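>>> how would this look folded up:
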Amino acid sequence: MKFDKYTKKMVMVVLFLLLFGSIMVFSTSWPYSYRLKGNEIDIIKKHVIFVFLSILFMFLVSYVNIVRFKKYSKRIFIFAFFVGFLVYSPLGINIYNARRWIGVGGFTFMPSDFMKIASIMLMAYIIDKYKNKFTFKNVFFKYLAIVGLASFSVMIQPDLSNTLIIIGTLTAMYIIAGMDKKAILFSGMGISIASFAAVYFLNSGYSRTSRIQAFINPLKYRDSKSWQLIKSLFAITNGSLWGVGLGNGRQKYTLSEAHNDFIFATIAEEFGFIGSVFLIGVYIYLAYLGIMISRYIKNLYGKMIVLGITFSIGLQTLVNIGTATGTIPPTGVTLPFVSYGGSSLVMTSIMIGIILGIVRYDIKGR
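This next block holds a predicted model:
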């Protein structure tokens, strides 16, 4: 099969990103690890474990026919919706004034990562169900309900970045499936109003407005609100064209979350503009592979899941790099397959496993 070669290339790209990410996590985390744990390898040891788990789960899930779960899409979404509220139970963990994590037996995970998959499955189900009657009346309000419930479940944590990724992903799926002009108008108005409300009125422990202020005028707030952004921009600037060399970056010594949300800044410092463009090109190629794979999937439900996952990973990459480069307001989201982050790394790899599984069983069904 022609599109089988695209899946093999996708696996190779993901493995490359995981390997490169492990190198960069060590390069960026050892100063912080030494200050926190008294040794340089504590963080990278944990990261390597999660990398192996990610690869394991990716290949295990590739043997699961997700299309068979189509009829359970509603139940899976409802389950993910209520799991989001567990962040306010005794299982919830508060980090940096946000309750985005659930801890079970020493393992923590973000419910928003599960909601990404669940919302994609439900939107794909709606698109498949009404493929022969794809009208504003049949689809728009169901799309609105999925977006609203998914956004509410994630925003209460609060997690604006993943909320925007979910909204963007579901909207992209709707557009690709054939969103009409009326739906585009109402969706645009709704997203604009919701974004304004989230930024200016939802202050949960830390101010959304202050992040906008830091984004607009970072130098004015360089010692407070925009400290991370300024450090990130210094790192990128210091990298110049070719970079200072692997391990020779300086800003990672003072930049918090250098191995996590702001890892792209150190990549830009150590590999320069050329290395940064190359990495961005790798992500663009990964998105291209996802789109090409979707073109050959016969089953509409599977096709839309592949596209949804591709959009989700692409938007997350865009948000992370945009944050590090100061082109969008600071948000807390990892760089897929590269940043340190246990549950995020595993869940993103599971998404790739879902794509591989759809391809595997779509081929068998031919």
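
>>> list the contacts for residue 82?
By C-beta atoms under 8 Å, 6 or more residues apart in numbering, residue 82 lies in contact with nothing. Using the backbone N, CA and C atoms, a C-beta is placed for each residue, glycine as well.

>>> Equivalent analysis for residue 156, please.
Counting by C-beta under 8 Å, 6+ apart, residue 156 has contacts 84, 85, 87, 88.

>>> helix/strand/coil for the second one?
Yep, that's residue 85 we're talking about. helix (DSSP: H, G, I helix; E, B strand; the rest coil).

>>> circling back to that earlier point, mind checking which of the contacts of residue 156 are buried?
Neighbour counting with 16 or more other C-beta atoms under 10 Å marks 84, 87 as buried within those.

>>> Which residue in the contacts of residue 156 has the weakest pLDDT?
Note: of those, the lowest pLDDT belongs to residue 88, at 73.

>>> For residue 178, see how far away that one is.
Between residue 88 and residue 178 the computed distance is 38 Å (C-beta to C-beta, to the nearest Å).

>>> try residue 5
From residue 5 to residue 178 the distance is 29 Å (C-beta to C-beta).

>>> ok, of the contacts of residue 156, which one's closest to residue 155?
Distances from residue 155 to those, taken as C-beta to C-beta, are shortest for residue 84 (9.4 Å).

>>> thought the closest one was touching residue 110?
No - look at residue 84 against residue 110 with C-beta atoms under 8 Å: they stay out of range, at 9.6 Å.

>>> Please, which helix or strand holds residue 321?
Here residue 321 sits within helix 300-325, counting by DSSP states H and E.

>>> and if you look at residue 108?
Using DSSP H and E, residue 108 sits in strand 107-109.

>>> Can you tell me which helices and strands whatever helix or strand comes next after that strand packs against?
On the C-terminal side of strand 107-109, the nearest following helix or strand under DSSP H and E is helix 111-129. Here helix 111-129 touches helix 73-83, strand 98-104, helix 136-155, helix 160-177, helix 300-325, helix 342-364, going by 3 or more C-beta pairs under 8 Å, 6 or more residues apart in numbering; DSSP states H and E.

>>> Look up the closest residue to residue 39, ignoring the ones flanking it.
Distances taken as C-beta to C-beta, 6 or more residues apart in numbering place residue 33 nearest to residue 39, at 6.6 Å, with adjacent residues excluded.

>>> Surely the one you found touches residue 43?
Yes - under the criterion of C-beta under 8 Å, residue 33 makes contact with residue 43 at 4.3 Å.

>>> ok, back up a step: now the helices and strands packed on helix 111-129 in a markdown table, with mean pLDDT and distance to residue 65?
Below are the helices and strands packed on helix 111-129 laid out as a markdown table (pLDDT from 0 to 100; distance: least, C-beta to C-beta, whole Å):
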| stretch | mean pLDDT | distance to residue 65 |
| --- | --- | --- |
| helix 73-83 | 92 | 14 |
| strand 98-104 | 67 | 27 |
| helix 136-155 | 88 | 23 |
| helix 160-177 | 88 | 20 |
| helix 300-325 | 93 | 9 |
| helix 342-364 | 88 | 4 |
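
>>> closest one to residue 286 among these?
helix 300-325 (7.1 Å).

>>> would residue 241 count as being in a strand?
No - using three-state DSSP, the secondary structure at residue 241 is coil, not a strand.

>>> residues near it, how many?
8 (other C-beta atoms under 10 Å).

>>> Residue 247 now?
13.

>>> doesn't residue 27 make contact with it?
Yes - Residue 247 is within contact range of residue 27, at 5.3 Å (criterion: C-beta under 8 Å).

>>> any common contacting residues for these two?
residue 270.

>>> how far out from the middle of the chain is the helix holding residue 321?
7 Å (C-alpha atoms, centre = their mean, to the nearest Å).

>>> Quickly note the distance from the spatially most central residue of the chain to residue 146.
By C-alpha atoms, centre = their mean, the chain has its centre lying nearest to residue 316, at 3.7 Å. The gap separating residue 316 from residue 146 is 19 Å, by C-beta to C-beta.
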